[in-house]
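Q: can't give you the sequence, but here's the structure:
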């Protein structure tokens with residue numbers, strides 16, 4: 001178990017941001033954070049996590065770099081293993097392969113059927129580990145999880161788990177499922193716990209809440225998040241919001257999103273409030289927070305992260321040579 005909460009970045013790189021990714025990687029390293037990951041897919045800036053990881057590897061010397069997440073259906077496990085092995089070699093042992101299944105609403109337009117995502121993830125991780133053995137390569141595998149079944153699988157077969165927008169109120173139940181998976185694996189298995197940290201660091205609370213409602217509206221188009229928020233105790237609000245979305249009444253849907261839900265899974269407000277929420281994640285048992293700023297239209301990626309890097313800079317005495 002880590003003695004302190006470690007910080008990282010989950011980068012959603014848009015087309016106009018690629019020229020600054022290297023500079024941002026160096027800024028992340030200079031601020032004492034320990035991780036920089038790249039997203040992929042239609043909701044990840046239409047980017048490629050392996051390409052992004054390559055840029056991050058070439059632009060840094062200490063931080064762990066990797067994919068958050070690479071969608072398993074987009075690559076044969078042999079190609080994923082070879083790519084990860086290449087990046088592990090090029091980065092000097094700093095690569096983390098973050099894997100996930102994405103969502104049917106994203107996959108199906110690409111011609112991908114995702115009928116059994118937990119089974120698919122289990123088989124994919126097993127295949128990658130098999131190719132790792134055949135090819136003589138080694139790297140940690142983290143598995144993205146939203147629901148309990150995937151969290152349990154991550155505890156069983158992965159080195160780490162990335163909790164994707166899981167509310168704080170569900171952390172005890174979710175971590176218990178991860179530990180159940182660890183017990184299934186046996187041999188004293190331990191899983192690193194990382195969590196997405198969607199954040200709006202600002203003194204303008206109304207602006208933060210507006211950003212929070214906008215992204216919650218988008219998440220609630222996906223059944224997995226509908227089920228997640230219902231499980232967290234927001235069934236009445238969730239059902240009403242989903243009905244408004246179905247009726248194409250966006251204004252009503254936004255108005256129906258309760259403040260308590262926003263506070264349960266987003267980090268918002270001035271620095272003091274955000275620091276309090278970060279402590280809640282640490283005390284819940286999270287090892288790593290992966291910051292992803294709430295969407296700000298027209299703001300370059302570097303400028304989205306600059307205030308966070310300054311506010312949550314890690315003192316040199318607490319920085320690690322290579323993140324664990």
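A: Thanks, I have it. Computed from a predicted model, the values in this text were never measured in an experiment.

Q: where does the residue nearest to residue 166 when sequence neighbours are not counted sit, in terms of helix or strand?
A: Once flanking residues are discounted, residue 166 sits nearest to residue 174: 5.4 Å by CB to CB, 6 or more residues apart in numbering. Quick note: C-beta positions are derived from backbone N, CA and C, even for glycine. Per DSSP states H and E, residue 174 falls inside helix 171-185.

Q: quick check: next helix or strand after that helix?
A: Counting by DSSP H and E, what follows helix 171-185 is strand 192-201.

Q: the helices in the stretch 151-300 of the chain, which residues?
A: Shown for the stretch 151-300 of the chain, the helices assigned by DSSP state H, counting those that start in this stretch span residues 171-185, 205-219, 223-231, 235-246, 250-256, 259-265, 271-284.

Q: quick one, the second one and helix 235-246 angle?
A: Just to be clear, that refers to helix 205-219. 70 degrees (axes from the mean of the first three to the mean of the last three CA atoms, to 10 degrees).

Q: same question for the first one.
A: Comparing the axes of helix 171-185 and helix 235-246 via the same axes, to 10 degrees yields an angle of 90 degrees.

Q: and helix 171-185, what's buried?
A: 171, 174, 175, 177, 178, 179, 181, 182 (16 or more other CB atoms under 10 Å).

Q: let's test this: mean pLDDT of that helix, rounded?
A: Helix 171-185 shows a mean pLDDT of 97.

Q: what helices and strands are in contact with that helix?
A: helix 148-157, strand 160-163, helix 271-284 (3 or more CB pairs under 8 Å, 6 or more residues apart in numbering; DSSP states H and E).

Q: about what we covered before: isn't the residue nearest to residue 166 right up against residue 165?
A: No: applying CB atoms under 8 Å, one finds residue 174 not in contact with residue 165, separated by 11.4 Å.

Q: tell me the buried residues in the helix or strand of the chain with the lowest mean pLDDT?
A: Taking mean pLDDT, DSSP states H and E as the measure, the chain has helix 104-107 as its least confident helix or strand, at a mean of 82. Buried residues in helix 104-107, defined by neighbour count with 16+ other CB under 10 Å: 104, 106, 107.
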